[in-house]
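1. got a structure for you, letters missing:
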């Protein structure tokens, strides 16, 4: 895998070994960041189920101010830490080895807000529950976006509205924004 654009363009990053993670393909990342390009500079990013950290690292390379990565697998965390060090992004990145919901609860207690949230959970994971937790804890900034990569179970949430969808091969992407009260 490689970083596609920005300050770390063309730099190679590693992916965890085994079947427990499925790194986001270069082509998919390129599509995501083509859609989000104007939102990335200066943003605060949250990469849940980070795997290799590729989404957050790509965002930092493209000018995100800060990225938080959450991954519970120890081997994946070692790979993410090595990737952060390899790209010299230690000042811009934080890594938490914990369950995503526990991390979200902690971020909520601290009053954190994120402008971009990347969600690529393991197969058969309840993405809607994660979206509900993000909304309940008000972790997404007012103009923030949540990008979800999913397979057969389409993520839905009454608290978010879909503003964009894409299909790239077998990968499906859905982009959400916080639903605004119309009045």
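-> Ah, there it is. Values in this document were obtained by computation on a predicted structure and should not be read as measured data.
2. and for the longest strand along the chain, what are the contacting residues?
-> Scanning the chain for the strand with the most residues, using DSSP state E, yields strand 140-150. Applying CB atoms under 8 Å, 6 or more residues apart in numbering, the contact partners of strand 140-150 are 24, 28, 32, 36, 39, 44, 113-120, 127, 131, 134, 155, 160, 163, 171-178. Placement of C-beta: from N, CA and C, glycine included.
3. Can you mark which positions in that strand are buried?
-> The neighbour-count check on strand 140-150 (16 or more other CB atoms under 10 Å) flags 140-141, 144-150 as buried.
4. same thing with stretch 95-115?
-> 95-97, 100, 103-104, 107, 112, 114-115.
5. In PyMOL, how would I select the buried members of the contacts of strand 140-150?
-> To isolate the buried members of the contacts of strand 140-150 in PyMOL, using 16+ other CB under 10 Å:
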select buried, resi 24+28+32+36+39+44+114+115+116+117+118+119+120+127+131+134+155+160+171+172+173+174+175+176+177+178
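6. Which members of the contacts of strand 140-150 are positioned in helices?
-> Among those, DSSP state H puts 28, 32, 36, 127, 131, 134 in helices.
7. Save these as JSON lines, and put in pLDDT and distance to residue 8 too.
-> What follows is the ones in helices among the contacts of strand 140-150, written out as JSON lines (pLDDT from 0 to 100; distance: CB to CB, whole Å):
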{"residue": "28", "pLDDT": "89", "distance to residue 8": "18"}
{"residue": "32", "pLDDT": "95", "distance to residue 8": "16"}
{"residue": "36", "pLDDT": "97", "distance to residue 8": "17"}
{"residue": "127", "pLDDT": "81", "distance to residue 8": "29"}
{"residue": "131", "pLDDT": "89", "distance to residue 8": "30"}
{"residue": "134", "pLDDT": "94", "distance to residue 8": "27"}
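8. between those, which is nearest residue 91?
-> residue 36 (22.3 Å; CB to CB).
9. Correct me if wrong: the closest one contacts residue 115.
-> No: using CB atoms under 8 Å, residue 36 makes no contact with residue 115, being 9.8 Å away.
10. Distance from the chain centre to the helix or strand where residue 46 lies, please.
-> Assigned by DSSP states H and E, residue 46 belongs to strand 44-48. Remark: strand 44-48 is offset 5 Å from the chain centroid, using CA atoms, centre = their mean, to the nearest Å.
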